[in-house]
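[1] Okay, sequence plus prediction incoming.
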Amino acid sequence: MLEAEQSGLKISVLASGSTGNITYIESDKIKILVDCGFSGKKAIELLKQIDRRPEDLNAILVTHEHSDHIKGVGILARKYNLDIYANQNTWKAMEPKLGKIKIEQKHHFDMNKTMTIGDIDVSSFGVSHDAVDPQFYTFQKNNKRFVMLTDTGYVSDNMRDYVKNADAYLFESNHDLSMLRMGRYPWSLKQRILGDKGHLSNEDGALALAEIVGDRTKRVYLGHLSKENNLKEIAHSTVEEILKQKGTGVGHDYTLFDTDPVEASPLFML
């Protein structure tokens, strides 16, 4: 392997969906999880799928305090002495759910800030979701950028401009509108999902992506699919069709990938 190849980011969406979310990012100097919405045992199993060990992890970045993003954060942090990063309001909301965490493991990562963690420049940005202060992250090294953007009811102009033309994305494609409207969820929950602080539908996610992908973009991973109100095949075909209609070069200039709620995507290099 060439030296230039060794120095990039390696990424795997270990699992993504309404039942749990966890993403793995590594460089030469650091190994990071973003969120851990699974038991410690399941998180270790997912890492094993990409031939990685929890003992080698350094930190967990948290996006917001919902259980499908933090269920295993405290367990892993205690067992493997991992640093935890989140903004101040998220810390207040999630700390009672994590269990005892040593003071030296707690780090504040404020919104709209950039921190260098190891040799990765990580930037945070706000989203519109029904959590106390939700934020997602971009990861940059050697002029390559990976963006995570799920758990938002809409994509604002500011968000769109901030994440435009990255090399790779994990992007929300939560629900099929017809499945959600006809499904068994109570109306109050349907309203929450469809609202400005809910989740992006396949259609809305695709329309946002059409304005965000650029000539640098090579990979888009569709994430946070609802277990009850979506299917991989529907999400993929809906998003792909809209992106084709918009002339974005999907399938030629960049590739659309699915994620899974219980299986890790293969590691890829940026």
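    Nice, I can see it.
[2] Please, where are all the strands along the stretch 51-200 of the chain?
    Per DSSP state E, counting those that start in this stretch, the stretch 51-200 of the chain carries strands over the ranges 59-61, 83-86, 106-108, 114-117, 120-126, 135-141, 144-149, 168-172.
[3] helices and strands around the second one, which ones?
    Other elements packing on strand 83-86 under the criterion 3 or more C-beta pairs under 8 Å, 6 or more residues apart in numbering; DSSP states H and E are strand 59-61, helix 73-80, strand 106-108. For every residue, glycine as well, the C-beta is placed using N, CA and C.
[4] most packed of these?
    Of all those, strand 59-61 has the most neighbours on average by mean count of other C-beta atoms under 10 Å, namely a mean of 24.
[5] Quick one: list the elements packing against it.
    Secondary-structure packing of strand 59-61 (3+ C-beta pairs under 8 Å, 6+ apart): strand 31-34, helix 73-80, strand 83-86.
[6] Next, format the strands of the stretch 51-200 of the chain as JSON lines and append distance to residue 16 and mean pLDDT.
    Formatted as JSON lines, the strands of the stretch 51-200 of the chain follow (distance: least, C-beta to C-beta, whole Å; pLDDT from 0 to 100):
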{"stretch": "strand 59-61", "distance to residue 16": "15", "mean pLDDT": "98"}
{"stretch": "strand 83-86", "distance to residue 16": "19", "mean pLDDT": "98"}
{"stretch": "strand 106-108", "distance to residue 16": "24", "mean pLDDT": "98"}
{"stretch": "strand 114-117", "distance to residue 16": "22", "mean pLDDT": "98"}
{"stretch": "strand 120-126", "distance to residue 16": "19", "mean pLDDT": "98"}
{"stretch": "strand 135-141", "distance to residue 16": "13", "mean pLDDT": "98"}
{"stretch": "strand 144-149", "distance to residue 16": "10", "mean pLDDT": "98"}
{"stretch": "strand 168-172", "distance to residue 16": "7", "mean pLDDT": "98"}
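[7] Low-confidence stretches in the chain?
    For the chain, the stretches with pLDDT under 70 are 1-6.
[8] How far off centre is the top helix by length along it?
    Ranked by residue count and defined by DSSP state H, the top helix of the chain is helix 232-245. When distances are taken as C-alpha atoms, centre = their mean, to the nearest Å, helix 232-245 is centred 19 Å away from the chain's centroid.
[9] what's the first-to-last distance across stretch 130-138?
    Terminal residues of stretch 130-138 are spaced 21 Å apart (C-alpha to C-alpha, to the nearest Å).
[10] In that stretch, which residues are buried?
    Under the neighbour-count criterion of 16 or more other C-beta atoms under 10 Å, stretch 130-138 has 130-131, 133-138 buried.
[11] same question, stretch 242-255
    Neighbour-count burial for stretch 242-255 flags 242-243, 248, 250, 254 (criterion: 16+ other C-beta under 10 Å).
[12] got JSON lines for the helices and strands packed on strand 83-86, with distance to residue 46 too?
    What follows is these, written out as JSON lines (distance: least, C-beta to C-beta, whole Å):
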{"stretch": "strand 59-61", "distance to residue 46": "14"}
{"stretch": "helix 73-80", "distance to residue 46": "11"}
{"stretch": "strand 106-108", "distance to residue 46": "24"}
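[13] Out of these, the one nearest residue 143 is which?
    strand 59-61 (21.2 Å; C-beta to C-beta).
[14] Return the list of strands paired to that closest one, each annotated with direction.
    Sheet pairing for strand 59-61, assigned by DSSP bridges, gives strand 31-34 (parallel), strand 83-86 (parallel).
[15] who's in contact with residue 120?
    Residue 120 makes contact with 9, 25, 27, 30, 32, 139-141 under the criterion C-beta atoms under 8 Å, 6 or more residues apart in numbering.
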